[in-house]
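**Student:** Just to be clear, the model below is a prediction. Sequence and coordinates:
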Amino acid sequence: MKNHVKIGCSSFYNSFWKNVFYPQNLPSKKWFEFYCQHFDTYEFNGSFYKFPTVRIFQNWYNKTPESFLFSVKVPKEITHIKKLIDCESRLNDFYNICKEGMKDKLAAVLFQFPPSYAFSREKLHAIIGILNYNFKNVVEFRHESWWNDEVWNAFKENNITFCSVSYPNLPQTIFKDFPLLYMRFHGIPRLFHSSYSTEELREVYRQIRTKKGFIYFNNTASEAGILNALELKRMTV
């Protein structure tokens, strides 16, 4: 059965990758173009730090190949500062900007909540109530209390994807029965730095090889992320 999982990274502008991935003589302004020659998806995290504009997303759209796909992270003012409270208008603005700017290259919209955001039914209902279901919504938690059947059942009923995460001190479950397979590798034991072994990547591939979705490597504070992404991609070819 053909593999439909797209593999990429959560950043590309990385001097650690010079001579490891980017050729020594390649100017940094051409790094993303080079990235696009090797990967067909990218997890856009810049929107987490600064609320995007349609023009910014259109620029990214225009400089990528026709079949390229972006997953886009929701701004932290919504997930971390306001924690969804009184955010309906702001989130609608974000959805609209994604739709107008990324168009057919928009894959998933990623909501990443902070480690302090523990499970409660009130929070679960808030998430379900605020999402726009015309989009592929993925939710990443960093508090283990969300790993429970009530959450999983509610997400499945509402067509929300529970993000599979590789993150220190969280369960390493690979969730394969949600609308998408969506995995983020952050590095263990050293967050954003640690590399994954060939054996670990082979086990991941064994579990996901018939699924459809996205895998992004966020262990990009070293050369680990790009090397892991390239190795896993080779396994899927």
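**Tutor:** Now that the structure is in, tell me what you want to look at.
**Student:** okay, CA-based contacts and neighbour counts for the rest of this
**Tutor:** Fine.
**Student:** Check which residues of the longest helix seen in the chain are buried.
**Tutor:** Among all segments of the chain classified by DSSP state H, the helix with the greatest residue count is helix 88-102. Using 16 or more other CA atoms under 10 Å as the test for burial, helix 88-102 gives 91, 94-95, 97-102.
**Student:** The residues you listed into a markdown table, with extra columns for pLDDT and distance to Glu200?
**Tutor:** Compiled in a markdown table, the buried residues of helix 88-102 are given as follows (pLDDT from 0 to 100; distance: CA to CA, whole Å):
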| residue | pLDDT | distance to Glu200 |
| --- | --- | --- |
| Leu91 | 98 | 36 |
| Phe94 | 98 | 36 |
| Tyr95 | 98 | 35 |
| Ile97 | 98 | 37 |
| Cys98 | 98 | 34 |
| Lys99 | 98 | 36 |
| Glu100 | 98 | 38 |
| Gly101 | 98 | 36 |
| Met102 | 98 | 33 |
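**Student:** For these, which two are the farthest from each other?
**Tutor:** Checking the buried residues of helix 88-102 against each other with CA to CA, the farthest-apart pair comes out as Leu91 and Met102, at 16.0 Å.
**Student:** tally of neighbours for the residue lying closest to Phe141 once chain neighbours are set aside?
**Tutor:** Leaving out its chain neighbours, the residue that sits closest to Phe141 by CA to CA, 6 or more residues apart in numbering is Phe113, at 5.3 Å. When neighbours are defined as other CA atoms under 10 Å, Phe113 has 21 of them.
**Student:** re earlier: how far does the longest helix of the chain sit from the chain's center?
**Tutor:** Mean-position distance between helix 88-102 and its chain equals 17 Å (CA atoms, centre = their mean, to the nearest Å).
**Student:** ok, now stretch 196-216?
**Tutor:** Between the mean C-alpha position of stretch 196-216 and that of its chain there is a distance of 15 Å (CA atoms, centre = their mean).
**Student:** swap in stretch 207-226?
**Tutor:** On the basis of CA atoms, centre = their mean, stretch 207-226 is displaced by 9 Å from the centre of the chain it belongs to.
**Student:** ok, now how distant is the residue nearest the centre of the chain from Gln24?
**Tutor:** Taking CA atoms, centre = their mean as the criterion, Glu43 is the residue nearest the geometric centre of the chain, at 5.1 Å. Glu43 sits 25 Å away from Gln24, taking CA to CA, to the nearest Å as the criterion.
**Student:** Check Phe217 too.
**Tutor:** Using CA to CA, Phe217 is found at 23 Å from Gln24.
**Student:** More neighbours: the two, which one.
**Tutor:** Here Phe217 and Gln24 are set side by side on neighbour count (other CA under 10 Å), and the busier one is Phe217, at 26 against 11.
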